[in-house]
Structure formats: C-alpha cells, structure tokens
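*Asks:* model this:
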Amino acid sequence: MPKHATIAKFIQNELDAEREKVALLHQQGSQQAELLREQGAQQFELLSQQQAAAGGSMHSRRPETLKIDISKYRGVEEDSLLRWFVELDDAIRARRIDDGNMQVAFAQSNLAGRAKTWALGLKLHDPYAFGSLEVFKSRLRQTLNHLELSSELELSSRSSRRVSVMCTLTRNIYDISRVV
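*Replies:* Modelled structure (predicted):
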C-alpha cells in the first residue's frame, strides 16, 4: 500500500500544481482581459474625440461663397424681368443658398417699387404665398405681364381718347368754318 499512497500523493501534488497553474492563468487572463477592456475604452474615447474634432471642424467650416450683388427689380418698363431672373439665379448659386424659403426671401430683398409692394402685399395676406423660388418667379411674371397689358390698354385708351378729341375739334373747326 505504500506504493499506492506514494502514487496517490504524487498525483495529488501534480493535480495541485496544475490547479495553481490554472488559477494563475485564470488570474492573468482576467488581468489581461481587464487591460484590454481599458485599452479598448481609451482607444474608443480617442477615436470619438478625433471624430468629434474632425466632424466639428467640417460642420463649422462653410464652403466658400461669393457675394454677388444684383440690381433691384422695380417692375417698371425699363427693367428686364428675364435679366433679373438670370442675375438672381447666379447670385443664389454663388451664395450657396439651398433652402427654398431663403431663396424666396433673398429674391424679395432684391425687389423695389411696385414689385416689392406686390410681393409684400401678397405675403401679408398669405405668409406661405410663395412655396418655392419657382412659384415666386411664376407669380411675379404673371402679375407683371398682367400689369404691362393693363398699362398698354390704358395707353391705347388714352391714345383713342386723344384721337377722338382731335376728331371732335377738327369737326367743330370745320363746322365753324362752314358757318363763317
């Protein structure tokens, strides 16, 4: 039996040694896992800071814009609406105005005289009268075409009245000359 006891003691010692190795490896593995977690958290934090710094600078840095001034459109005969629309579109692109409401506001800020009165009057009744720049342009074009036609009709009417007055005067002069 002493042989078996010696073998059992040997096996027990080997088992204890292996358990200690496993416990030591487990402890080292836990420490390394914790170290890796900490390093991962630090790297994540650094990456987040770098992204925030890069993202922040991208958002705060605006693309280059060019301030192009355009003439005020008054809606009078000597103003060309088409030329003003071209100037307006160029200025909006140069200033990088992408929002539709801002485009309309910019367009309205470059109106004067009866054109401005018309736009403000329309907006007074309906703040959303111009849903987009295209709607604004279309309504301005329609209104001014109507005003130009009215103006032409008025001129034509005045001309007709002048001709009528001239005819009446001529007839009266003729009648007077026949009497005399």
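
*Asks:* Give me the distance between the longest helix anywhere in the chain and the centre of its chain.
*Replies:* As assigned by DSSP state H, the longest helix anywhere in the chain is helix 2-60. Going by C-alpha atoms, centre = their mean, to the nearest Å, the spacing between the C-alpha centre of helix 2-60 and its chain's C-alpha centre is 53 Å.

*Asks:* What helices and strands are in contact with that helix?
*Replies:* Here helix 2-60 touches no other helix or strand, going by 3 or more C-beta pairs under 8 Å, 6 or more residues apart in numbering; DSSP states H and E. All C-beta atoms are positioned from the backbone trio N, CA, C, and that covers glycine.

*Asks:* what element comes up after it heading to the C-terminus?
*Replies:* helix 81-95 (DSSP states H and E).

*Asks:* domains in the protein, as residue ranges please.
*Replies:* 1-61, 81-179 (automatic domain parsing).

*Asks:* can I get these in TSV with mean neighbour count?
*Replies:* Shown next, in TSV, are the domains of the chain (neighbours: other C-beta atoms under 10 Å):
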stretch	mean neighbour count
domain 1-61	10
domain 81-179	13
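
*Asks:* Please render those as CSV that adds distance to Ile68 and mean pLDDT to the earlier fields.
*Replies:* Formatted as CSV, the domains of the chain follow (distance: least, C-beta to C-beta, whole Å; pLDDT from 0 to 100):
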stretch, distance to Ile68, mean pLDDT
domain 1-61, 21, 81
domain 81-179, 4, 80
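
*Asks:* Take those and write them to JSON lines, including distance to Asp69.
*Replies:* Listed next are the domains of the chain as JSON lines, based on distance: least, C-beta to C-beta, whole Å:
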{"stretch": "domain 1-61", "distance to Asp69": "25"}
{"stretch": "domain 81-179", "distance to Asp69": "7"}
